[in-house]
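# quick one: sequence and predicted model below, then my questions.
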There are 2 protein chains.
Amino acid sequence: MYKAKAYSATSAASRLTSTTIVRRDPTETDVQIEILFCGVCHSDLHQARNEWSGFMPTVYPCVPGHEIVGRVTKVGSAVSKFKLGDLAAVGCMVDSDGTCPACKAGLEQFCQNGTFTYNLPDKHLGGVTYGGYSDSIVVDQRFVLHVPTNLDLAGAAPLLCAGITTYSPMRHWGVTKGKKVGVVGLGGLGHMGVKFAHAFGAHTVVFTTSPSKKDDALRLGADEVVLSRDANEMQKHAGSFDFILDAVAADHDINAYINMLHIDGNITLVGAPENPLPVAAFNLIMGRRSLSGSPIGGIAETQEMLDFCGQHNITADVEVIPIQKINEAYERMVKSDVKYRFSIDMASLKAE
Amino acid sequence: MYKAKAYSATSAASRLTSTTIVRRDPTETDVQIEILFCGVCHSDLHQARNEWSGFMPTVYPCVPGHEIVGRVTKVGSAVSKFKLGDLAAVGCMVDSDGTCPACKAGLEQFCQNGTFTYNLPDKHLGGVTYGGYSDSIVVDQRFVLHVPTNLDLAGAAPLLCAGITTYSPMRHWGVTKGKKVGVVGLGGLGHMGVKFAHAFGAHTVVFTTSPSKKDDALRLGADEVVLSRDANEMQKHAGSFDFILDAVAADHDINAYINMLHIDGNITLVGAPENPLPVAAFNLIMGRRSLSGSPIGGIAETQEMLDFCGQHNITADVEVIPIQKINEAYERMVKSDVKYRFSIDMASLKAE
């Protein structure tokens, strides 16, 4: 065991503060990573503040962070995938049983015995897992990803959650060249959705309530921007979309977007509004449309996504912050005041 | 043109009564059919009573009926598919443009220029189309189906709507041997869903609120019956279904059934409750589940369904009525007092 620097919340109401945590010495299949950047996901805030007490109560101290990129500093004797000095990344998962049908299908995200990167029982040290707001982490090589060397690392970090969460449903529902794809909600997830849809060659349309977001949407790769409050504009696109990525976590009128779908079109929710969304059955029946949800992807697909990002030079648009600004970043995130993701430069932690 | 006997509603509040309508003489591509049986669909009642005034106002007189089986009495000179004396069937559609992408894909049900069997503009005679509560009908051969000769004709009639509406989504979402399939709502549609799921070789489970329906569900082909109000029984099946057919037209808790779905499982609505269904996004996200809807199928698939029914000797469970009992049948249908479909013996109309 060794000591690592970290930032943790000590209660639901507390600010995140500097602390020291214990990490395991790498086992023979482990990779030890010096964390260089960690993206800041809305989940981090929910977990730190125990806002998911109903289904995943927070164990304190809580070290959030599951958008991790860094460099390999040690490998176990049985590690074949990584060597000292390699770039490496860790996302939302650090373990799964490897034996269930989901794991065997490469869908570790659906393993009933999986371990998230923070706040789930740590089978090595007891207690719970600690995430990426830290200067290092030790993870089994199965859950460590390769990072293409051409990518900006600060912007690459959010690929591990925001990236895979938007890439995975587009692959699953067949987004390719020639398809018409919509993105609702231009935040951390949505802006990645625009980049991926564009890179897949789809005709990419951003729906937004704010005319002010138009230029940025086009810059990110949108072919068109539709003001969702303009009934005429919406009507022009009715029934024309093959796929819509809905990244809105607040209450919104899902039926308006279901009506945008073509025959057999799909709209996938990647944001989870607190209240149930009223869905008009008739809108689904006419056109055989579907409404689905999607979490992150499996490990193989996450690597595929990172490789795709390397080929297309895709990273998140980030505002880099020192870890000492994390509490301020949380406050700004609540107000959606970030374009489009905070990425913590972990050099700031090492300098403490 | 010639005169045909029929039953029609003359206003939203009127009972259906005997009348005479005009049918066209068969054109060179038309098939004239002596109607032997016509199933009674809930849509007939909605249309007759103008309950869909918002999107498909009823034009009176209205002759409902789109579950038609009969015998060919005349064919146009260019008709190759049918000859005099053949059994023949007509479902919910009698025309489509034949040129749009949906038609070219064999998905005539999604043609924007399609003509329903009743209450849509009749391009031959003006006015609106008249349905199957009649002693004969004339339909272009493209929209006339072959009926396997081994099927009971009274029970075969409902296949044209209730049958294809439940067969089509099961085929679309991949119901096959080895899958676990649920059916919610054991009425005209649901009981066909049970028969098809069983015939496809799926492990078939009926969800019902009524213990009294258990024996009938098993008789229809269910392997298991789950009382949906029994939380323990429901919990046992959580996360285990590949596909659920939801044939409930009343308000109900769709989330309870979404939670029954396995990874990538789909629940398809074929009933359209009047009020929007509240859907919890989280239940869709976890498990990448989908909620969809489905109307009828295309013509080729309808023929495929009829052929499948011939091979497996599948028909609807019907209560055969004379057309003079149609108003009473409507009243009973509103109370779900029918197992499971009324089928009008059109000999009763000829005898008038």
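Received it, and whenever you're ready, just let me know what you need.

# up against chain B, what does chain A have?
Applying C-beta under 8 Å from any C-beta of the partner chain, we find that chain A lies next to chain B at A:102, A:107, A:110, A:169, A:172, A:254-255, A:263, A:266, A:269-273, A:275-295. Placement of C-beta: from N, CA and C, glycine included.

# give me the subset of those lying in strands.
Counted as lying in strands by DSSP state E, out of those, are A:263, A:266, A:269, A:277-279, A:290-293.

# so what does the longest helix along chain A touch, helix or strand wise?
Of all the segments of type helix in chain A, defined by DSSP state H, the longest one is helix A:299-312. If you count contacts as 3 or more C-beta pairs under 8 Å, 6 or more residues apart in numbering or on different chains; DSSP states H and E, helix A:299-312 packs onto helix A:162-172.

# which parts of chain A belong to which domain?
A:2-161+A:297-307+A:316-351, A:163-293 (automatic domain parsing).

# mean pLDDT and mean neighbour count for these - can I get that in JSON lines?
Formatted as JSON lines, the domains of chain A follow (pLDDT from 0 to 100; neighbours: other C-beta atoms under 10 Å in any protein chain shown):
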{"stretch": "domain A:2-161+A:297-307+A:316-351", "mean pLDDT": "97", "mean neighbour count": "20"}
{"stretch": "domain A:163-293", "mean pLDDT": "96", "mean neighbour count": "21"}
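
# compare these and give me the one nearest residue B:304.
Comparing those against residue B:304 with C-beta to C-beta, the closest turns out to be domain A:163-293 (16.5 Å).

# and stretch A:310-323, end to end?
27 Å (C-alpha to C-alpha, to the nearest Å).

# who touches it?
Residues external to stretch A:310-323 that are found in contact with it (C-beta atoms under 8 Å, 6 or more residues apart in numbering or on different chains): A:7, A:37, A:39-40, A:133, A:148-152, A:154-159, A:162-163, A:188, A:191-192, A:195-196, A:199, A:220, A:308-309, A:329, A:338-346, A:348-349.

# before we move on, what about stretch A:100-118?
So stretch A:100-118 is in contact with A:47, A:62-66, A:68, A:90-97, A:121-123, A:128-132, A:295-301, B:263, B:287-288, going by C-beta under 8 Å, 6+ apart.

# helix or strand right after the helix or strand hosting residue A:217?
Element membership for residue A:217, per DSSP states H and E: helix A:214-220. Beyond helix A:214-220 on the C-terminal side, the first helix or strand identified by DSSP H and E is strand A:224-227.

# circling back to that earlier point, give me the subset of the contacts of stretch A:310-323 lying in strands.
A:7, A:37, A:39-40, A:341-345.

# of all the residues you listed, which two lie farthest apart?
A:7 and A:341, at 17.4 Å, using C-beta to C-beta across these.

# would TSV of the domains of chain A with distance to residue B:211 be doable?
Below are the domains of chain A laid out as TSV (distance: least, C-beta to C-beta, whole Å):
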stretch	distance to residue B:211
domain A:2-161+A:297-307+A:316-351	32
domain A:163-293	27
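
# between those domains, which one is nearest to residue B:81?
domain A:163-293 (26.2 Å).

# just how off-centre is the closest one within its chain?
Centroid separation for domain A:163-293 versus its chain: 17 Å, with C-alpha atoms, centre = their mean, to the nearest Å.

# what does stretch A:29-49 give?
11 Å.

# what segments of the stretch 1-150 of chain A are helices?
A:42-48, A:101-104 (DSSP state H, counting those that start in this stretch).

# would you turn the ones you listed into CSV with distance to residue A:75?
Below are the helices of the stretch 1-150 of chain A laid out as CSV (distance: least, C-beta to C-beta, whole Å):
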stretch, distance to residue A:75
helix A:42-48, 27
helix A:101-104, 23
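
# hmm, back to that, okay, now the sheet partners of whichever helix or strand comes after the longest helix of chain A, with direction.
As assigned by DSSP H and E, the chain's next helix or strand after helix A:299-312 is strand A:318-322. Strand A:318-322 pairs in its sheet with strand A:341-345 (parallel), by DSSP bridges.

# tell me the helix or strand right after the helix or strand harbouring residue A:232.
Assigned by DSSP H and E, residue A:232 belongs to helix A:231-237. Toward the C-terminal end, the helix or strand that comes next after helix A:231-237 (DSSP H and E) is strand A:241-246.

# pull that following strand out as CSV, backbone CA atoms only.
What follows is strand A:241-246, C-alpha atoms only, in CSV (Å, rounded to 0.1, in the frame of the first residue of the first chain):
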residue,chain,number,x,y,z
PHE,A,241,-34.6,12.0,-38.2
ASP,A,242,-33.0,8.5,-38.1
PHE,A,243,-31.6,9.1,-34.6
ILE,A,244,-31.7,11.7,-31.9
LEU,A,245,-29.4,11.8,-28.9
ASP,A,246,-31.3,13.4,-26.0
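
# ok, the closest residue to residue A:278 other than its chain neighbours - contacts?
Excluding the flanking residues, the one nearest residue A:278 by C-beta to C-beta, 6 or more residues apart in numbering or on different chains is residue B:276, at 3.4 Å. Counting by C-beta under 8 Å, 6+ apart, residue B:276 touches A:255, A:278-281.
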